[in-house]
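Participant: quick one, structure for this:
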Amino acid sequence: MNEKEAGPPDFADTDVDENNHVGKNRTTHTKLNVKTLLNHTQPIPGFVYEQIEFLEVGETGRIDVSIRAHEPIQPKGSKCLKPCPGYDRLPGRRWLQVPLWGLLGQYHYAPRRVNCPVHGIVVEKLPWSESKRPLTLGMLAFLAMWAKRLSWLETARAFNVSWAAVFRSVEYTVEWGLAHRVLSGVKSLGIDEIHRRRGNFLTVIYQIDEGLRRLL
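Facilitator: Residues are numbered from 1 along each chain as shown. Here you go, the predicted model:
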């Protein structure tokens with residue numbers, strides 16, 4: 001028996017089909033780390049996930065993600081969204097990110113200010129953040145999604161955030177949806193009333209075209 005036959009089988013490039021038959025090179029496997037996962041699910045153009053640490057804090061622990069700017073890429077102004085020369089750097093900030101395997105996540109970054117020829121000195125545009133919100137855009141969407149399935153209080157308790165954080169997430173998501181709503185092509189409407197409280201009703205309008213039903 002040669003050396004290759006003596007060792008354990010290498011399944012790094014194998015796959016198992018529905019009949020439990022092992023096939024060679026059926027798929028390509030990538031060794032997964034948290035940085036790879038973040039780059040795949042939450043890309044941040046112009047920035048780099050630099051350091052990722054696990055901290056044993058609280059009941060479950062926390063994943064801290066340090067971000068740095070990709071220096072060859074010029075920062076963009078938060079108002080004009082155009083490349084601008086740098087001016088200075090603000091103190092570091094933290095943003096709450098979507099939990100990973102039940103672990104709280106936090107982004108850490110010190111934003112730069114840029115000298116915009118149109119708007120003057122402004123903070124750079126951050127692809128994961130909107131204004132001064134303490135939650136990432138991904139976290140806002142995540143909480144808003146769960147708030148459709150659970151009560152806002154249950155959502156807050158499940159993900160260890162405040163009720164106000166859930167409210168702001170829903171508010172931001174609704175405002176974003178209204179700002180990007182496309183009404184062209186609507187042919188059929190449905191109108192309903194929802195009883196909110198004594199003497200108070202909400203009028204709800206739906207698009208009810210064939211193959212497309214949505215709340216407007």
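Participant: next up, the contacts around the residue most central in space within the chain.
Facilitator: Central residue of the chain (CA atoms, centre = their mean): G138, 1.8 Å from the mean position. For G138, the contact set (CB atoms under 8 Å, 6 or more residues apart in numbering) comprises 41-42, 97-98, 128. Quick note: C-beta positions are derived from backbone N, CA and C, even for glycine.
Participant: so what touches the longest helix that the chain contains?
Facilitator: Longest helix of the chain, by residue count under DSSP state H: helix 163-179. Residues outside helix 163-179 that contact it (CB under 8 Å, 6+ apart): 96, 130, 133-135, 139-144, 147, 152-153, 155-156.
Participant: tell me the mean pLDDT for that helix?
Facilitator: Mean pLDDT, computed over helix 163-179, is 93.
Participant: what's the distance between the residue nearest to the centre of the chain and E53?
Facilitator: 19 Å (CB to CB, to the nearest Å).
Participant: tell me where this protein has strands.
Facilitator: 14-16, 22-24, 47-55, 62-69, 86-89, 93-100, 103-109, 112-116, 120-123, 189-197, 200-209, 212-215 (DSSP state E).
Participant: redo the ones you listed as JSON lines? Include mean pLDDT.
Facilitator: Listed next are these as JSON lines, based on pLDDT from 0 to 100:
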{"stretch": "strand 14-16", "mean pLDDT": "44"}
{"stretch": "strand 22-24", "mean pLDDT": "49"}
{"stretch": "strand 47-55", "mean pLDDT": "93"}
{"stretch": "strand 62-69", "mean pLDDT": "94"}
{"stretch": "strand 86-89", "mean pLDDT": "94"}
{"stretch": "strand 93-100", "mean pLDDT": "93"}
{"stretch": "strand 103-109", "mean pLDDT": "93"}
{"stretch": "strand 112-116", "mean pLDDT": "95"}
{"stretch": "strand 120-123", "mean pLDDT": "95"}
{"stretch": "strand 189-197", "mean pLDDT": "83"}
{"stretch": "strand 200-209", "mean pLDDT": "84"}
{"stretch": "strand 212-215", "mean pLDDT": "78"}
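Participant: okay, the ones you listed in a markdown table with mean neighbour count and distance to W163 next?
Facilitator: What follows is those, written out as a markdown table (neighbours: other CB atoms under 10 Å; distance: least, CB to CB, whole Å):
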| stretch | mean neighbour count | distance to W163 |
| --- | --- | --- |
| strand 14-16 | 13 | 45 |
| strand 22-24 | 10 | 50 |
| strand 47-55 | 14 | 25 |
| strand 62-69 | 18 | 21 |
| strand 86-89 | 13 | 34 |
| strand 93-100 | 18 | 15 |
| strand 103-109 | 19 | 17 |
| strand 112-116 | 19 | 33 |
| strand 120-123 | 15 | 28 |
| strand 189-197 | 9 | 19 |
| strand 200-209 | 12 | 21 |
| strand 212-215 | 10 | 23 |
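Participant: want to throw those strands into a markdown table with distance to V166?
Facilitator: Output for the strands of the chain, formatted as a markdown table (distance: least, CB to CB, whole Å):
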| stretch | distance to V166 |
| --- | --- |
| strand 14-16 | 41 |
| strand 22-24 | 46 |
| strand 47-55 | 24 |
| strand 62-69 | 20 |
| strand 86-89 | 32 |
| strand 93-100 | 12 |
| strand 103-109 | 15 |
| strand 112-116 | 31 |
| strand 120-123 | 26 |
| strand 189-197 | 19 |
| strand 200-209 | 20 |
| strand 212-215 | 19 |
